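>>> Kindly return the folded structure for what I paste below:
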Amino acid sequence: MDKLHRITQLKRILSGRRTPITLRQLMDRMECSESTARRILHSYRDDFGAPLAFDRRRGGWYLAGPVADAADEVPGLWFTTTELHALLAARELLRQLQPSLITAQTAPIAERIERILAQRGITIKDLPQRIRLQAPGMRECAPETFATLAQGLFECRRLRIRYTPRSRSSTPDEPSRDISPQRFTWQRGNWYLDAWCHRAQGLRRFAVERVQSTDLLDEAAIELTPEDIAAHCDEAYGSYTGTPAHTAVLRVSSERAQWVAEEHWHEKQQGSWLPDGRYQLSVPYSHPEELLLEILKYGADCEVVAPAELRAAVLERLRAALHLYVGQPSC
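The predicted model follows:
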């Protein structure tokens with residue numbers, strides 16, 4: 001019998017008693033040796049944080065307070081020190097990911113892990129300063145809005161939202177729409193909600209920070225298959241949805257080729273090395289805006305080979321940028 005089952009067995013024995021249980025009685029009930037009984041008692045108290053106490057007058061063990069279900073516990077002895085470090089690091093990254101829904105919920109787990117590590121003589125000081133999540137370009141979401149959207153998503157309920165696309169300014173008289181949330185997408189440091197829009201009768205992607213208001217409805221949400229969602233939302237480059245109508249062919253200079261060769265731009269990207277050391281990358285897209293920004297980031301190190309309209313758009317942006325500097329006095 002493994003340790004987790006022993007712990008569960010011990011909890012059931014203690015929870016069903018009103019009087020302390022002696023070590024001999026416990027050995028008989030658990031059909032184990034004295035050393036095993038003592039080891040399980042100490043583990044239940046020290047590793048699981050159970051309110052276990054010893055009544056010297058009666059010579060037995062008892063629970064001095066309420067205890068959580070064994071299924072809710074973190075069996076620390078079954079994790080290595082390295083695994084516990086990794087759990088704390090993952091929890092800290094999730095805590096820094098804003099807005100975070102799990103900070104309060106995972107605090108007891110983090111405290112338990114830290115206590116287990118301390119028992120092993122390991123302390124981690126200033127954990128937030130040792131792990132730093134940076135997401136340039138992150139747009140701030142209202143925590144209350146995010147929480148309501150998440151509740152609708154996890155409970156499969158419809159939402160009524162007022163939403164303004166990023167392409168225009170918000171207005172107080174923005175009409176509302178009912179949506180059936182399907183999934184959250186974290187992309188380039190920002191949250192999006194992929195949902196079925198009942199007004200448009202189709203899948204739409206909503207930038208969470210542009211949701212002006214949201215109300216949770218009692219109606220059940222329409223649930224689409226993961227394949228249908230992926231087909232509409234994941235085929236094109238960036239946050240734009242729909243079937244990609246174009247494929248960008250880019251050639252990156254030998255100085256930056258290794259950078260781009262190691263980057264993930266899209267699930268269906270294709271790349272190859274050219275004889276002169278340059279790198280050619282093909283990326284499907286439906287709307288050029290986000291792709292243009294990524295291309296311009298590399299300046300002269302990235303050339304658009306095709307399609308012609310994307311090449312022309314890059315040239316227009318470069319000319320406009322050059323106009324800001326050529327013949328203009330600096331401030």
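>>> and the helix or strand Gln280 falls within, what does it pack onto?
Following DSSP states H and E, one finds Gln280 within strand 279-285. Of the remaining helices and strands, those touching strand 279-285 by 3 or more CB pairs under 8 Å, 6 or more residues apart in numbering; DSSP states H and E are strand 246-252, helix 257-261, strand 270-273. In this view, the C-beta of every residue, glycine as well, is placed from N, C-alpha and C.
>>> right, so of these, which gets closest to Leu217?
Shortest separation from Leu217 across the helices and strands packed on strand 279-285 is recorded for strand 246-252, at 38.0 Å, computed as CB to CB.
>>> what does the closest one rub up against?
By CB atoms under 8 Å, 6 or more residues apart in numbering, the residues outside strand 246-252 that reach it are 237, 259-260, 274, 278-286, 288, 291, 295, 298, 301-307, 309-310.
>>> Grab the nearest non-local neighbour of the residue most central in space within the chain.
Most central residue of the chain, judged by C-alpha distance to the mean C-alpha position with CA atoms, centre = their mean, is Leu94 at 6.6 Å. Beyond its immediate neighbours in the sequence, the residue positioned closest to Leu94 (CB to CB, 6 or more residues apart in numbering) is Ile102, lying 5.4 Å away.
>>> again, but for Pro143
In space, not counting the residues next to it along the chain, Pro143 is nearest to Pro99; the distance is 4.2 Å by CB to CB, 6+ apart.
>>> what residue ranges in this structure score low on pLDDT?
Counting by pLDDT under 70, the chain contains low-confidence ranges at 1-2, 67-80, 101, 105, 120, 327-331.
>>> residue boundaries of the strands in it?
Applying DSSP state E to the chain gives strands spanning 52-55, 60-63, 157-163, 176-187, 190-197, 202-207, 211-220, 246-252, 270-273, 279-285, 302-306.
>>> Indicate which one of those is closest to Ile113.
Closest of the strands of the chain to Ile113 is strand 52-55, at 19.8 Å (criterion: CB to CB).
>>> What helices and strands are in contact with the closest one?
Right, strand 52-55 is packed against helix 34-46, strand 60-63 by 3+ CB pairs under 8 Å, 6+ apart.
>>> Go ahead and name everything in contact with the first one.
Right, the one you point to is helix 34-46. Helix 34-46 is touched from outside by 3, 6-7, 10-11, 23, 26-27, 30, 32, 50, 52, 61, 77, 119, with contacts defined as CB under 8 Å, 6+ apart.
>>> switch to 6 Å and redo it
Arg6, Ile7, Leu10, Leu23, Leu26, Met27, Ala50, Leu52 (CB atoms under 6 Å, 6 or more residues apart in numbering).
>>> Most widely separated two among these?
By the measure CB to CB, those have their two most distant members at Met27 and Ala50, which lie 18.7 Å apart.
>>> Comparing these two, which residue is more hemmed in?
For Met27 and Ala50, the more surrounded residue by other CB atoms under 10 Å is Ala50, and the numbers stand at 22 against 16.
>>> Skip the chain neighbours and tell me the closest residue to the more buried one.
Tyr44 (4.7 Å).
>>> That neighbour and Thr81, how far apart?
21 Å (CB to CB, to the nearest Å).
>>> Next, count neighbours for Thr171.
Burial measure for Thr171: 10 neighbouring residues, criterion other CB under 10 Å.
>>> same deal with Leu291?
Quick note: Leu291 (other CB under 10 Å) scores 26 neighbours.
>>> ok, back up a step: return the most buried member of the helices and strands packed on strand 279-285.
Of all the helices and strands packed on strand 279-285, strand 246-252 carries the top mean neighbour count, a mean of 20, counting by mean count of other CB atoms under 10 Å.
>>> Let me know the angle separating it from strand 279-285.
In terms of direction (axes from the mean of the first three to the mean of the last three CA atoms, to 10 degrees), strand 246-252 departs from strand 279-285 by 160 degrees.
>>> Right, I'll call it a day here.
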